[in-house]
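*Asks:* with the input below, show me the fold.
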Amino acid sequence: MPGRSGPPDRIPLDHGWIEVVTGCMFSGKTEELIRRLRRAQYARQDVIVFKPDIDRRYADDAIGSHAGRTLRSVNVSGAAEIPRHVGAARVVVGVDEAQFFGEDLVDVCEQLARAGHRVVVAGLDTDYLGRPFGPMPQLLAKAEYIDKYLAICVVCGAPANRSQRIVNRGPQVLVGAHDAYEARCRDCWDPNNFDPHQEPLPLGLNLAEEG
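*Replies:* Have a look, this model is predicted:
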């Protein structure tokens, strides 16, 4: 159907494609990723999910959403490891926290889609300074289906599309925590609003999924 958004209800057996679920912190990206993959499982389709080694907030072998839903996953140190875990059998492939992977994730997703796999990717579109994050811009350009989710601004309650870091700037990569980030709208977002004397949170400490 012309103009139809979102992935189709029927999955052609001989076609693959890429779906991207994106947005700011706390917008429900991982929740939506899990929903789509669970639905594929209900349809008796094989599913395999990947996340980067840097993300160990819930478990070594699971992704988790802010709402408490989890799904077993495989930790990988880089995108190049993904194809060998997928193998030749046709499966639905999920990738969470895609912004933490390198640019080679784009080629890997393209390779999987050409091989007939449905690839569902979730990740932040921009970092805390509002810059395009990692491989996400290229994935958004290559994907057949794109959904951008909004959070609620903690300051004014408007729809939020920015991730506000509320601790020391530190590195670009600081795995999401409720005490490190807030969702903000365009008007309330300020990339310079942080405590310059506060040290960044160490990775893996008091971390919570942004959803």
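
*Asks:* for the protein, which segments count as helices?
*Replies:* Here the chain has its helices, by DSSP state H, at 29-42, 82-86, 104-114, 136-142.

*Asks:* among those helices, which comes closest to Leu71?
*Replies:* helix 29-42 (5.0 Å; C-beta to C-beta). Where C-beta positions appear, they are placed from N, C-alpha and C, glycine not excepted.

*Asks:* tell me which of the helices of the chain sits nearest to Cys185.
*Replies:* Each of those has some distance to Cys185 by C-beta to C-beta; the shortest is helix 29-42, at 17.5 Å.

*Asks:* low-confidence stretches in the protein?
*Replies:* Within the chain, the set of residues satisfying pLDDT under 70 comprises 1-6, 8-13, 55-60, 62-69, 168-179, 193-211.

*Asks:* hmm, try it at 80
*Replies:* Along the chain, the model assigns pLDDT under 80 to residues 1-14, 54-71, 88, 167-180, 193-211.

*Asks:* quick one: contacts for Asp53?
*Replies:* Residues in contact with Asp53 (C-beta atoms under 8 Å, 6 or more residues apart in numbering) are Asn75, Val76, Ser77.

*Asks:* now flag whichever of those is closest to Gly94.
*Replies:* Val76 (12.3 Å).

*Asks:* find the nearest non-adjacent residue to the closest one, please.
*Replies:* Leaving out its chain neighbours, the residue that sits closest to Val76 by C-beta to C-beta, 6 or more residues apart in numbering is Phe50, at 5.4 Å.

*Asks:* now for that neighbour: which residues touch it?
*Replies:* Ser73, Val74, Asn75, Val76, Ile82, His85, Val93, Gly94, Val95, Asp96.

*Asks:* by neighbour count, which of those residues wins?
*Replies:* Val95 (29 neighbours; other C-beta atoms under 10 Å).
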